[in-house]
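*Asks:* Fold the following.
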Amino acid sequence: MNAIGLYRTGRWMYVHHIPVLPKIIKGISFLLFNSVVPYTAEIGKESKFAYGGIGCVIHSRAKIGDRVIIGQNSTIGRSLDPEDFPSIGNDVYISAGARIIGNIHIGNNVIVGTNSVVNKDVEDNCIVAGVPAKVIRRIDVSVWDLLKNISFRGGGKSST
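*Replies:* Numbers count the residues shown, from 1 in each chain. Next up, the predicted model:
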């Protein structure tokens with residue numbers, strides 16, 4: 001089991017109003033993977049962490065879509081305002097070390113480059129990279145067609 005498995009177990013318990021155990025599972029995830037993945041965050045179907053989720057930090061109110069891969073040492077968090085937290089669409093690949101910060105939305109079918117800092121909204125169907133991240137390419141195929149070694153149970157094809 002990796003960090004996403006622990007998250008899903010804790011989330012299931014949280015949704016079914018089972019007390020205490022979600023917090024214990026969150027603590028186990030921190031000890032094993034040095035990750036903070038709160039059970040209160042919403043992470044969609046088939047989303048997963050690369051390399052088990054080592055070093056990932058996710059805001060407790062973040063919303064993450066379906067088929068999102070979150071690279072190791074990535075942060076999906078708030079800005080200085082505690083009410084600013086990101087949302088991420090479906091079919092997004094967040095490369096290692098990326099930081100997605102603030103009240104922004106990452107569109108569907110997006111790749112976020114390694115060590116990028118994303119602090120503004122990202123449209124659908126593009127690749128962003130840099131500090132701060134900028135669109136470096138628009139794409140007209142599924143990100144999963146570009147990242148050929150990644151698959152999902154449902155085939156990994158986006159709706160684009």
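*Asks:* remind me which residues of the chain are low pLDDT?
*Replies:* In the predicted model, the chain carries pLDDT under 70 at residues 154-160.
*Asks:* where does Trp144 land in three-state SS?
*Replies:* Secondary structure state of Trp144, per DSSP: H, G, I helix; E, B strand; the rest coil, is helix.
*Asks:* hang on, it packs against Asp91?
*Replies:* Yes. With contact defined as CB atoms under 8 Å, Trp144 counts as touching Asp91 (6.8 Å). Glycine gets a C-beta too; all of them are placed from N, C-alpha and C.
*Asks:* Between those two, which has more neighbouring residues?
*Replies:* With neighbours defined as other CB atoms under 10 Å, Trp144 and Asp91 compare such that Asp91 has more, 27 against 20.
*Asks:* my read: that one touches Ser47, true?
*Replies:* No. Assessed by CB under 8 Å, Asp91 is found out of contact with Ser47, at 9.9 Å.
*Asks:* joint contacts of those two?
*Replies:* Taking CB atoms under 8 Å, 6 or more residues apart in numbering as the criterion, Asp91 and Ser47 both touch 65-68.
*Asks:* burial of Ala129, as a residue count?
*Replies:* 19.
*Asks:* Just give the number of residues close to the nearest residue to it once chain neighbours are set aside.
*Replies:* Once flanking residues are discounted, Ala129 sits nearest to Gly113: 2.9 Å by CB to CB, 6 or more residues apart in numbering. Gly113 has 20 neighbours, counted by other CB under 10 Å.
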